[in-house]
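Generate a structure from the sequence data that follows.
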Amino acid sequence: MKSKGIKVPKSNVSKIYSNVKLKGTSSRIVLNDNSHFLSEFELKPNVKYDSKGYMYKTDELSRVKQAKGKLTAVNGTRNTTHQLKAGGEDRIIAPSTQGDHGGHLIATRFNGSPLIDNIVAMNGNVNVSAYKQIENKWAAALSQGKEVIVDIRPEYLGTSKRPVAFNINYSIDGEKVSRRLLNEYGSK
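Next comes the predicted model:
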């Protein structure tokens, strides 16, 4: 990477950017080399990153606050270890769909990342019902050759790493739809 004629070794790029606070969408710095991870299960705060072709942002507490992009009909892989870590201590542990799953903001069936950079603690019922119904609409549109663009914004309370809701904005061939799903059993 070059900056004003000074060569910066690629290995130092993440060190430089980890101290930069990014606000809004005006930032031109997009990490795309997995340097958005602090550790295997923790993201850096206040970064904008590209993961598998989708754009994400984290907040000051290292929580994913936005996932967006043009969906592709390419199946990705899953990572159950990362799915089980989503939400950390704030994850609700309960039987079956009453507790939390590691929910993908952008599903692996759209080639969403199988890692914690695309996974949050999502109520199991929401994951396999309301959220999946929306994903099924996206998949159907893609199978018809339509363009699907999504902008998903988890909503958090306080310092919890578990979202309380998902604000989902998407368009299918330019027709815009907005949905808000509460992250609780029975949300529709």
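
how about the strands of this protein, start to end?
2-3, 6-7, 37-39, 42-43, 48-51, 54-58, 64-70, 100-104, 119-123, 148-155, 165-172, 175-182 (DSSP state E).

can I get those in JSON lines with distance to Gly88, mean pLDDT and mean neighbour count?
For the C-beta atoms, the positions are set from N, CA and C on the backbone; glycine is no exception. Putting these into JSON lines (distance: least, C-beta to C-beta, whole Å; pLDDT from 0 to 100; neighbours: other C-beta atoms under 10 Å) gives the following:
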{"stretch": "strand 2-3", "distance to Gly88": "36", "mean pLDDT": "38", "mean neighbour count": "8"}
{"stretch": "strand 6-7", "distance to Gly88": "39", "mean pLDDT": "40", "mean neighbour count": "8"}
{"stretch": "strand 37-39", "distance to Gly88": "12", "mean pLDDT": "87", "mean neighbour count": "13"}
{"stretch": "strand 42-43", "distance to Gly88": "9", "mean pLDDT": "94", "mean neighbour count": "17"}
{"stretch": "strand 48-51", "distance to Gly88": "19", "mean pLDDT": "95", "mean neighbour count": "20"}
{"stretch": "strand 54-58", "distance to Gly88": "14", "mean pLDDT": "97", "mean neighbour count": "21"}
{"stretch": "strand 64-70", "distance to Gly88": "13", "mean pLDDT": "98", "mean neighbour count": "19"}
{"stretch": "strand 100-104", "distance to Gly88": "11", "mean pLDDT": "96", "mean neighbour count": "25"}
{"stretch": "strand 119-123", "distance to Gly88": "8", "mean pLDDT": "97", "mean neighbour count": "26"}
{"stretch": "strand 148-155", "distance to Gly88": "14", "mean pLDDT": "99", "mean neighbour count": "19"}
{"stretch": "strand 165-172", "distance to Gly88": "18", "mean pLDDT": "99", "mean neighbour count": "18"}
{"stretch": "strand 175-182", "distance to Gly88": "20", "mean pLDDT": "98", "mean neighbour count": "13"}
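
can I get those strands in CSV with distance to Glu135?
Converted to CSV, the strands of the chain look like this (distance: least, C-beta to C-beta, whole Å):
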stretch, distance to Glu135
strand 2-3, 41
strand 6-7, 44
strand 37-39, 25
strand 42-43, 23
strand 48-51, 18
strand 54-58, 14
strand 64-70, 13
strand 100-104, 9
strand 119-123, 12
strand 148-155, 10
strand 165-172, 10
strand 175-182, 12
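
Compare the ones you listed and report which one is nearest to Gly76.
Ranking these by distance to Gly76, with C-beta to C-beta as the measure, places strand 100-104 first at 9.0 Å.
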